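Q: What would the 3D arrangement of this be:
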Amino acid sequence: MEKSKQPAAAFTGYQKFAIFILAITQFTVILDFMVMSPLGDILMKSMNIKPSHFGFAVSAYAFSAGISGLLTAGFADKFDRKKLLLFFYTGFIAGTVLCGIATSYPLLVGARIITGLFGGVIGSISMAIIADLFDLQHRGRVMGFVQMGFGASQVLGIPIGLYLANAWGWHAPFLWVAFMALIVAGMIAVKMLPLTKHLAIQRDRSAVSHLFHTISKKDYRIGFTATALLSVGGFMMMPFGSAFAVNNLHITQQQLPILFMISGLSTLVIMPLIGKLSDKIDKFVIFAIASAWMMAMVVIYTNLSATPLWMVVGFNILMMAGVMSRMIPSTALITGIPAMQDRGAFMSINSSLQQISGGIAAAFAGMIVVQKDKFSPLEHYNTLGYIIVCISVISVFLIYRVSNMVKSRAKSVAQQKEHQAYNKEVEVLLEN
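A: Sure, this is the predicted structure:
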C-alpha cells in the first residue's frame with residue numbers, strides 16, 4: 001500500500017519553489033539571529049560589556065518577537081499569507097539595517113527590538129504556509145529542507161559574517177544580511193502565489209475573538225507548552241557558544257569560522273536525512289532517540305576545558321546531530337495540531353511563546369554564566385547543560401502527548417473520509 005502512494009509524494013514545480021523560497025527566507029532570518037553568537041566575543045570586547053549585557057541584547061530580540069507574535073496572532077488568519085510574509089519580511093530588513101548602523105550598545109539593543117518585532121513572526125507564517133501546501137505525511141521531508149536554513153547559515157553565513165566582522169567591524173555582517181534579504185523579498189513579491197483558502201472558512205469575526213478562540217483549546221495549549229520548553233535549551237547555550245569556544249576551549253577567532261562551517265555542513269547532510277526518516281518512521285521515536293543523544297552530548301561538551309580544534313569540531317557535529325534531529329520531527333508534529341482556519345494564529349502564538357521562553361532562557365543564562373574579565377574563561381557554563389537535560393526530559397513527555405493527539409486526529413479524519421465515501425457509494429446504488 002505504501003508503495004502505491006510513493007509517486008504522489010513527488011512535489012510540483014511550484015511546491016519546490018515554495019520550499020526553496022521559505023528555506024532561503026529562514027536562512028536570512030536565522031542568520032540575523034545566529035550571527036549574534038559568533039559576534040559575542042567581539043561585541044563584549046569592543047563595547048566592553050559583561051555577559052549579562054550581551055545576554056540581554058540577545059533576549060531583546062526574543063522578547064520583542066514574542067510580543068509581536070501575540071499582537072499579530074488574531075490577524076494572522078485574516079490576510080493573504082503571502083502579503084503577511086512580505087510585510088513582516090520588509091520590516092525585518094529595515095531592523096537589520098538599523099543593527100548595521102548602530103553606534104552604541106543602547107542603539108544596538110533598540111535595533112534588535114525592532115528586528116525582533118518583524119523577524120520573529122516570519123517563522124510562524126512560513127510554518128502556516130507549509131501546513132497549507134503540504135500534508136502531514138510529507139511535512140517531515142519539507143521541514144528537513146526548510147530547516148536547512150539553519151545549517152546553511154553556519155556553512156556560508158556565519159563564516160562569511162565573521163570574516164566581514166574581522167575585516168570591517170561587527171556592523172558589516174548585518175548590512176550583508178539585509179542586502180541578501182532584499183533580493184529574497186523581491187522573489188517573494190514576484191513569484192509567490194497568494195494563499196487565501198483559509199479565509200473562506202474563517203468563522204471568528206474579530207481578531208480578539210480569534211486569538212482567544214485559539215488560546216482556549218486544550219490541544220493547542222499542549223503544543224504551545226512543548227514548543228516553549230524545546231526552545232529554552234537552544235537559547236541557553238547559543239548566545240555564549242563562541243565566547244565559551246574562545247575563552248574555555250581555546251579556539252582562536254580565526255578558527256571559529258572553520259568550527260561553524262564544518263558543524264553547519266554536517267547539518268546540511270543530517271537534516272534532509274532526518275526529514276525523510278520522519279516521514280517513514282514514527283516521528284516521536286526519532287525525537288526521543290535524538291533527545292537522549294543530545295542530552296548526553298550537551299553534558300560532555302559543556303564540561304570541556306582546553307581542547308584541540310579537531311575534537312571540538314567532532315563534539316559540535318555530534319551535538320548538532322542531536323539538536324537538529326529533534327527539531328524536524330517535533331516541528332512537523334506540532335504543525336499537525338491546528339485546523340486550517342486556526343493555523344496562522346496558532347503558529348503566531350507558538351512562535352511568540354518560543355521567542356519569549358527563549359528570551360527568558362538567554363537572560364537567565366546571562367545571570368548564571370560569569371566571566372571575571374573579558375579574557376578569562378566563562379564559569380558555570382556546565383550548569384546550563386544540566387538544566388537543559390532536565391528540561392529535555394519534560395519535552396519528551398510533552399511531544400509524546402502531541403504525537404498521540406495528532407495520530408488520533410489523523411485516524412478520525414481517515415474514518416470520516418471512509419464514511420463519506422461509503423455514503424456516496426450507497427447513494428449511487430440507490431439511484432441505480
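
Q: Which elements pack onto the host helix or strand of Phe88?
A: Assigned by DSSP states H and E, Phe88 falls within helix 81-101. The elements that helix 81-101 packs onto, with contact taken as 3 or more Cβ pairs under 8 Å, 6 or more residues apart in numbering; DSSP states H and E, are helix 13-34, helix 105-133, helix 172-191. C-beta here means a position set from N, CA and C on the backbone, and glycine is covered the same way.

Q: Return the set of buried residues in that helix.
A: Within helix 81-101, the residues scored as buried using 16 or more other Cβ atoms under 10 Å are 81-82, 84-86, 88-93, 95-100.

Q: Can you give the distance from that helix to the centre of its chain?
A: 17 Å (Cα atoms, centre = their mean, to the nearest Å).

Q: CA atoms only: put that helix into CSV for me.
A: Extracted in CSV, the C-alpha atoms of helix 81-101 (Å, rounded to 0.1, in the frame of the first residue of the first chain):
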residue,chain,number,x,y,z
ARG,A,81,-0.3,34.7,3.8
LYS,A,82,1.9,36.0,1.0
LYS,A,83,1.1,39.6,1.8
LEU,A,84,1.6,38.9,5.5
LEU,A,85,5.0,37.3,4.9
LEU,A,86,6.1,40.2,2.6
PHE,A,87,5.0,42.9,5.2
PHE,A,88,7.0,41.4,8.1
TYR,A,89,10.0,40.5,6.0
THR,A,90,10.3,44.1,4.8
GLY,A,91,10.2,45.2,8.5
PHE,A,92,12.8,42.6,9.3
ILE,A,93,15.1,44.1,6.6
ALA,A,94,14.7,47.6,8.0
GLY,A,95,15.6,46.4,11.5
THR,A,96,18.7,44.6,10.3
VAL,A,97,19.9,47.7,8.5
LEU,A,98,19.5,49.6,11.8
CYS,A,99,21.6,47.0,13.5
GLY,A,100,24.2,47.6,10.9
ILE,A,101,24.4,51.3,11.5
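
Q: Mean confidence (pLDDT) on it, please.
A: Here helix 81-101 scores 91 as its mean pLDDT.

Q: any idea which element the closest residue to Ala172 other than its chain neighbours lies in?
A: Closest residue in space to Ala172, ignoring its immediate chain neighbours: Leu164 at 3.8 Å, by Cβ to Cβ, 6 or more residues apart in numbering. Using DSSP H and E, Leu164 sits within helix 158-168.

Q: now the helix holding Phe88 against helix 105-133, angle please.
A: Following axes from the mean of the first three to the mean of the last three Cα atoms, to 10 degrees, one obtains 160 degrees for the angle between helix 81-101 and helix 105-133.

Q: how much space between Leu98 and Thr302?
A: Computed as Cβ to Cβ, to the nearest Å, the Leu98 to Thr302 distance reads 34 Å.

Q: I meant Met340, not that one.
A: Distance, Met340 to Thr302, by Cβ to Cβ: 42 Å.

Q: Neighbour count for these two, which is higher?
A: Thr302 (21 against 15; other Cβ atoms under 10 Å).

Q: quick one, what contacts the more buried one?
A: 237, 244, 381-382, 384-385 (Cβ atoms under 8 Å, 6 or more residues apart in numbering).

Q: one more time with 6 Å
A: Going by Cβ atoms under 6 Å, 6 or more residues apart in numbering, Thr302 touches 381-382, 385.

Q: The closest residue to Ala131 other than its chain neighbours: how many residues sit nearby?
A: Nearest non-adjacent residue to Ala131, counting by Cβ to Cβ, 6+ apart: Thr335, 4.8 Å away. Using other Cβ under 10 Å, Thr335 is surrounded by 23 other residues.

Q: now Met367
A: Neighbours of Met367 (other Cβ under 10 Å): 12.

Q: do you know how far it is from Arg343?
A: Taken as Cβ to Cβ, the span from Met367 to Arg343 is 36 Å.

Q: Same check on Trp168?
A: 42 Å.

Q: These two: which is more packed in?
A: Set Trp168 next to Arg343 and count neighbours by other Cβ under 10 Å: Arg343 wins out with 25 against 12.

Q: ok, and the closest non-adjacent residue to that one?
A: Nearest non-adjacent residue to Arg343, counting by Cβ to Cβ, 6+ apart: Ala128, 4.4 Å away.

Q: Low-confidence bits of the stretch 151-300 of the chain, can you list those?
A: 151, 154-155, 157-158, 200-208, 210, 233-234 (pLDDT under 70).

Q: 50 instead, please
A: Scanning the stretch 151-300 of the chain for pLDDT under 50 picks out nothing.

Q: quick one, strands of it?
A: Using DSSP state E, counting those that start in this stretch, the stretch 151-300 of the chain contains no strands.

Q: before we move on, could you check phi and psi at the residue nearest to Ala131?
A: Dihedral angles of Thr335 (phi, psi; degrees, to the nearest 10) stand at phi -70, psi -20.

Q: Over to the one 5 residues further on?
A: Met340 has phi and psi values of phi -50, psi -40 when expressed as degrees, to the nearest 10.

Q: these two touch, right, it and His198?
A: Yes: using Cβ atoms under 6 Å, Met340 is in contact with His198, at 5.4 Å.

Q: Quick check: mean pLDDT of stretch 127-135?
A: For stretch 127-135, the per-residue pLDDT averages 81.

Q: Please apply the same query to stretch 43-58.
A: In this model, stretch 43-58 has a mean pLDDT of 74.

Q: Could you verify that Pro377 is part of a helix?
A: No: judged by DSSP: H, G, I helix; E, B strand; the rest coil, Pro377 forms no part of a helix; its state is coil.

Q: Beyond whichever strand or helix holds Lys45, next helix or strand please.
A: Using DSSP H and E, Lys45 sits within helix 40-46. Note on helix 40-46: by DSSP H and E, the next helix or strand toward the C-terminus is helix 51-73.

Q: packing partners for that next one?
A: helix 105-133, helix 343-368 (3 or more Cβ pairs under 6 Å, 6 or more residues apart in numbering; DSSP states H and E).

Q: can you give me the angle the first one makes with helix 343-368?
A: So that's helix 105-133. Helix 105-133 runs at 140 degrees relative to helix 343-368, counting by the same axes, to 10 degrees.

Q: What are the buried residues along the following helix or strand past helix 105-133?
A: Remark: after helix 105-133, the chain's next helix or strand is helix 136-146, criterion DSSP H and E. Buried positions in helix 136-146, judged by neighbour count with 16+ other Cβ under 10 Å: 136, 138-146.

Q: Let me know the pLDDT of Ile391.
A: Per-residue confidence (pLDDT) for Ile391: 91.
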